[in-house]
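> Below are the sequence and a predicted model; questions follow.
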Amino acid sequence: MELFKCDGLTKHKGDFCLKDVSFSFPKGRIVGLLGKDGFGKTTLIKTILGSYGIDQNANDAGDLWMDGHNFKDDPKEYRSGIGFVLLDNPFDNSMTPAEVGETYGYYYNDFDMDKYLKYLEEFDLPLKSAGAQLTGGQIMKLQMAFSLSHPTKLLLLDEPYYYIDSDFRFFFYDTIRSLADSGEGSVIFSSRSAVQLTILTDDMILLKRTGNVSTAEFFGRDSDSE
């Protein structure tokens, strides 16, 4: 059964267009998203996350399904199973890590505040420092703590190597591999490095850009490219 499906997605951001992107995968996969800077990796990840809408008035098109829930028809249920680690802080920069859990956890089914606080302690994150005072690595750990504190079925990782440190690397690898190996979830992992993705991933989305338009080709482990 498909965990995630992207069907004919076209997304415009300024002069840039991510055009007619289609792919799907079941639970138990780590899916690499490969492309150079400016090819649309972050645009695709933030559209999947729901941070960027699909605006038909801007000539956007397509559909997204997460565990059977359509983004347009049921956005809350669609988002509830998605975790994320983005390059920028997706939370209010004035909030402390504890306030992030109290505020944003409300919007996720079965968010476990006690588990979240334990992860904050394990990751040595300062509970009373506002997001604006945190380093890039701490922001990454904050998002990981949040994502692991509700039932995440799809974990979106946007260039996680950018801030990852050596002390956190083994936990990070083990976490994403365990999610896939459990058969309960999958991961989309973006990078500019084909070597990184080849080592870690089961499937691959390859972004190609011509002018202001990027397209995608999906290479699945059990099928030919789609």
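Arrived safely. Numbers count the residues shown, from 1 in each chain.
> Helix or strand for residue 65, just tell me which one.
Under the criterion of DSSP states H and E, residue 65 resides in strand 61-66.
> tell me the contacts of the spatially most central residue of the chain?
Of all residues in the chain, the one closest to the mean position by CA atoms, centre = their mean is residue 156, 1.6 Å from it. Contacts for residue 156 (CB atoms under 8 Å, 6 or more residues apart in numbering) come out as 45, 48, 49, 82, 83, 84, 85, 86, 187, 188. C-beta coordinates here come from the backbone N, C-alpha and C atoms, glycine included.
> Now with 6 Å, please.
Residues near residue 156 by CB atoms under 6 Å, 6 or more residues apart in numbering: 45, 49, 84, 188.
> ok, now residue 55?
Per CB under 6 Å, 6+ apart, neighbours of residue 55: none.
> From the structure, what's the count of residues near the closest residue to residue 13 other than its chain neighbours?
Spatial nearest neighbour of residue 13, chain neighbours left out: residue 43 (5.5 Å); criterion: CB to CB, 6 or more residues apart in numbering. If you count neighbours by other CB atoms under 10 Å, residue 43 ends up with 21.
> Look up which helix or strand residue 43 falls in, please.
Judged by DSSP H and E, residue 43 forms part of helix 41-49.
> distance between that helix and the chain's centre?
7 Å (CA atoms, centre = their mean, to the nearest Å).
> try stretch 36-46
12 Å.
> Pull up the distance across it, start to finish.
17 Å (CA to CA, to the nearest Å).
> Pairing partners for the residue nearest to the centre of the chain in the sheet, please.
residue 84, residue 188 (DSSP bridges).
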